[in-house]
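> Only the shape, not the letters, is given here:
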RNA sequence: GCCCCCGUAGCCCAAUGGCAGAGGCAGGCGACUUAAAAUCGCUCGAGUGUCGGUUCGAGUCCGACCGGGGGUACCA
């Protein structure tokens, strides 16, 4: 490798007396030259132990492996702004640092190129999504290359590449062809794992496993359609007719995770309606426990773990059946889920959701029961003559309410008495059953026992409808009959909770729960259970720009996998790729996948080799959501050229290897899960992407395709760069770059645009706020290295920070000063000399090395840079920069500002470049200070200072300090205690 | 409403429970310049949102409150 310095840009102006100054133009020349060199030499190509690119001898020559990952970027049409690269710079600094420690570092970047925005952008511009997407990727590649990121460029790909989505489809088929056996034992002894569907079929055939709802029939007695239906009940990817989120404005259905609280689409903010449609789903609920439990083993921000746990929403409780007299007079039961089975004695009414299937059978014919409160009969007199009319009116009103209306109506409880009574199974009391929309069909059983004494919502409802409120928990047993002025959910003991068979009185909440669950189970009334908030993942979309499902249906509607050798099933070109558009408010519209308009693609004839000969099939016309491609991309980086497997198992084992030690803070006995060593990205994917990818990874683990149990061992959530935005008097945004700051009359700054005062706001960078700054502007004005240093020095990576273009010059000055310590601005001669730094500078150098190493490792780049600036400032004061210090500075700077570091390193006479040069090592023996200032405190306040030897003993120091005049004066009346922290501090406390 | 994070100088941010300041921006003064910009040198600057507690000692730990940001929301 030849690493000669590049030729400096020729002085343009004759008046230029400093042709070798580190200017933006100089930075550009240096940066582009080194970027070309890195690319030519494949500097950042990481060797693989196996697979098509196997270079085991190179792997062996390197130290440990390190797998670093950025969140898969979406190639947007407007290009990057300065906020986007923040995470990429951080991972690049981290990667470069670890390369200098001798590690085999894999850092690559691909593109998440399927999906709605790309398709919408294509529709807007009237071009094929592939064309616009590829143009966007080209632009983004250019912008990122100019930043000098050390990616292994051989490993890049896009999700739209046929070679990539072939494997996305292959993984889909693995999931489709698997079921979750909750009783199967995993290697680590825990229970529950995915198994191939063929093993299920074998169990069903042999009778080892009964056919659910099979009425005792044998597997062979079932027709192929029936068999397929049974298997669908097990498959981890399955179709199901169920209420889904239909978004006419986008022309597609959406997953729960893509719908906001307000019942609108996260993307585009269109209304979303509940529709019964047959859709593909992924049985993520089967993994709910593992997805929650295994968070203990990963090194993630607690905040993100909490968000995932909340999303999974595991709650322990009980299911209890309350006997009820149905409208017909027969006896039935209403099953409820409760997390507070200890309060069943306080259940004074029940509520079922308006959509609950039991509602019809609950409502009696004829008139209201004797003595029914008027306000139980509904709000509309015309419709409240009978329970039947009142309930029908209420259900209709509830069904018409949008999510928005339910939201805005807030907590004002509404509901109607069904006319039926249930029996509290513990008190034996008859309790009324209501229909009310504060109970949701989608959670638990869609019905609740209402305990107004100990639940806020039930209390509000009971108060409004004059229902008795009973106390069954009190802070102490003595307060058993203290009146309840509001619901009580605090800690306490059970009271008023006894019948002939069981008593909870006096028990704490947990003990009471345990005893009552045992009682319920013994009596067959109920059982302890775990409930989850998470629902199965709706996986199909009615769009063009996504992976086609490798599924086809025969004439009976039975689904078959497209044979593996036919993958990828490519996306056909369609005459019109734009989705069928609907009025966003048209709830009655139905999705129409664009692929269904291509009959020659949809209809195929094929011999599946199953002895049934050539048959006609109809392809699935839905496409996958763009989460699919981002669920496993990190695995493809490991072995992107592999045509035989999504990743060679040996490569996966190498790059995703489990660490010897579990992550810090993991519970005892936790085994390290393996996975990506560092994943940096924004918190906006905390639930969706990170949960979906974990789910897929666990399926692949169960099926033996990967050895790691988690995809992302360490995840770091970066903050955002935000920026000021300005609005004029009409509230319109004005271009932020044209706004000038001027001092106002009262000294407060004011902001002026084209002569008029404007208001300053703070927000996300973007086109809509007119405050976007592109990296290209930074390259032109300062160069990539300055831009990198600035972004890394703004503050802690996890914090959101304001972009302040004025401050960038500080980073440039730092690089200029360091450059000047190496290169004479006028002559271009190297300025360093082989002189020894003095004691103080040597100490500072080794302290800096130690500190910078720790800071880089801990992703504290802002403090690392501050230490480098400090050391450089010390060197700047010298007439002759000592080579030893300057070279260490250059090497330590290299991860952050690699181009200028390469250039200075070459000018300092080194071959081989800085990318793999050894990072400086701190020698503790060199950190010697001849004198240390010891602080003398009297009662904790600094009152004196004394210079002492660094190795002074505690006793010596105590004696020395107590002899000081100020101390003697303060301790004339005696000494209570003396705290000595040699050699830096002594605190004397007088009597 | 509930949960999480953050409040240090005009601004961005440092500070294993031990001298409140590492670094940067802005400001001021000076040098260079015919002048300006750029650059360089020097310099000014807060007692850590508020109140209380623990401690020999609190920016740091604990509690309450105030302000900002994020998540979530009738989840039984």
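Yes, it's here. What you are looking at is a predicted structure, and each value in this text was computed from that prediction instead of being measured. Numbers count the residues shown, from 1 in each chain, chains lettered A, B, ... in the order given.

> so how far is stretch A:526-540 from its chain's centroid?
With Cα atoms, centre = their mean, to the nearest Å as the basis, stretch A:526-540 stands 21 Å off its chain's centre.

> And stretch A:553-566, by the same measure?
Its chain's C-alpha centre and that of stretch A:553-566 lie 35 Å apart, by Cα atoms, centre = their mean.

> neighbouring contacts of it?
A:169-170, A:173, A:176-177, A:224-225, A:228, A:232, A:239, A:550-552, A:569, A:608, A:615-620 (Cβ atoms under 8 Å, 6 or more residues apart in numbering). (Each C-beta comes from the backbone N, C-alpha and C, glycine too.)

> what does the stretch 201-350 of chain A put close to RNA strand B?
Taking Cβ under 7 Å from any atom of the strand as the measure of proximity, the stretch 201-350 of chain A contacts RNA strand B at A:261, A:302-303, A:306-307, A:310, A:313, A:315, A:317, A:337-340.

> among the residues you listed, which ones are buried?
A:307, A:317, A:337-338, A:340 (16 or more other Cβ atoms under 10 Å).

> Between those residues, which sits nearest residue A:937?
The closest of those to residue A:937 turns out to be residue A:307 (Cβ to Cβ; 44.7 Å).

> how's chain A carved up into domains?
In terms of domains, chain A is parsed into A:1-41+A:808-928, A:46-158+A:629-718, A:173-292+A:304-310+A:536-627, A:315-531, A:724-782, A:932-990 (source: automatic domain parsing).

> and these, which is most packed in?
Relative to the other members of those, domain A:46-158+A:629-718 carries the highest mean neighbour count by mean count of other Cβ atoms under 10 Å, namely a mean of 20.

> Show me how far that one is from its chain's centre.
14 Å.

> Any part of it near RNA strand B?
Yes: judged by Cβ under 7 Å from any atom of the strand, domain A:46-158+A:629-718 comes into contact with RNA strand B at A:683-684, A:687.

> tell me the average confidence for that domain?
pLDDT averaged over domain A:46-158+A:629-718 equals 92, rounded to a whole number.

> now stretch A:235-253
Computed over stretch A:235-253, the mean pLDDT rounds to 84.

> quick one: terminal-to-terminal distance for it?
Here the two ends of stretch A:235-253 are set 21 Å apart, with distance taken as Cα to Cα, to the nearest Å.

> continuing past the host helix or strand of residue A:600, what's the next helix or strand?
Assignment of secondary structure by DSSP states H and E places residue A:600 within helix A:599-602. Sequence-wise, the next helix or strand downstream of helix A:599-602 (DSSP H and E) is strand A:603-607.

> Show residues contacting the helix or strand that that following strand is followed by.
Note on strand A:603-607: by DSSP H and E, the next helix or strand toward the C-terminus is strand A:614-619. Contacts of strand A:614-619 with the rest of the structure, by Cβ under 8 Å, 6+ apart, involve A:548-549, A:551-555, A:560, A:569, A:595, A:601-608.

> Quick one: mean pLDDT for strand A:614-619?
If you average the per-residue pLDDT over strand A:614-619, you get 94.

> how about the closest residue to residue A:539 other than its chain neighbours, secondary structure?
For residue A:539, the nearest residue in space outside its immediate sequence neighbours is residue A:280; the separation is 4.4 Å by Cβ to Cβ, 6 or more residues apart in numbering. Of the three states, residue A:280 takes strand under DSSP: H, G, I helix; E, B strand; the rest coil.

> Where do the strands of the stretch 301-450 of chain A begin and end?
Remark: strands of the stretch 301-450 of chain A, listed N- to C-terminal, are A:315-325, A:331-338, A:349-352, A:416-423, A:430-435, A:447-450; assignment by DSSP state E, counting those that start in this stretch.

> what's the closest of these to residue A:759?
When the strands of the stretch 301-450 of chain A are ranked by proximity to residue A:759 (Cβ to Cβ), strand A:315-325 comes first, at 46.0 Å.
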